[in-house]
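[1] output the structure for:
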Amino acid sequence: MPSNYLPKDCWETAATPAELYGKLDDWGFEAEVIPHGTTWGFYTPQAASWEEYVLDQDNIRPDYSSLIEIYSGHGNLSNSLIFKKVDFKKMVK
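    Sure thing, here's the model as predicted:
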């Protein structure tokens with residue numbers, strides 16, 4: 001059943017990029033898909049590379065993906081990090 005015909009209370013998932021793109025095609029509106037979690041970290045193996053990702057052409061849909069995530073701090077905006085204050089006026093002489 002196409003995504004846009006499912007009941008409003010249905011929770012839907014996509015296991016692969018290709019499946020996600022198919023669901024977005026069903027809806028027919030513009031969307032931006034940003035591949036994320038593609039750098040080494042908790043979920044991505046240390047040896048993972050973009051070469052592997054792009055070998056499967058079903059992962060690539062330029063009409064949906066014009067951006068990629070290059071950094072993730074997993075909620076970095078909410079981290080309680082203390083940054084050293086920099087006075088740029090003192091640096092410029």
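[2] all contacts plus neighbour counts: C-alpha atoms, from now on.
    Noted.
[3] send the alpha carbons of stretch 31-38 over as CSV?
    Extracted as CSV, the C-alpha positions of stretch 31-38 are listed here (Å, rounded to 0.1, in the frame of the first residue of the first chain):
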residue,chain,number,x,y,z
ALA,A,31,11.9,16.7,0.2
GLU,A,32,15.5,16.8,1.2
VAL,A,33,17.2,13.6,2.5
ILE,A,34,20.4,14.2,4.3
PRO,A,35,22.6,11.1,4.7
HIS,A,36,23.9,11.1,8.2
GLY,A,37,25.8,8.8,10.5
THR,A,38,28.2,8.2,7.6
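[4] avg pLDDT for that stretch?
    What stretch 31-38 shows for mean pLDDT is 82.
[5] buried residues in the helix ranked longest in the chain?
    The longest helix of the chain (DSSP state H) is helix 17-27. The neighbour-count check on helix 17-27 (16 or more other CA atoms under 10 Å) flags 17-18, 20-21, 23-25 as buried.
[6] so which of these comes closest to residue 2?
    residue 23 (7.1 Å; CA to CA).
[7] could you list every residue that touches that closest one?
    Going by CA atoms under 8 Å, 6 or more residues apart in numbering, residue 23 touches 2-3.
[8] secondary structure element for the nearest residue to residue 36 once chain neighbours are set aside?
    Once flanking residues are discounted, residue 36 sits nearest to residue 69: 5.1 Å by CA to CA, 6 or more residues apart in numbering. Using DSSP states H and E, residue 69 maps to neither a helix nor a strand.
[9] how much space between residue 69 and residue 34?
    Separation of residue 69 from residue 34 (CA to CA, to the nearest Å) stands at 7 Å.
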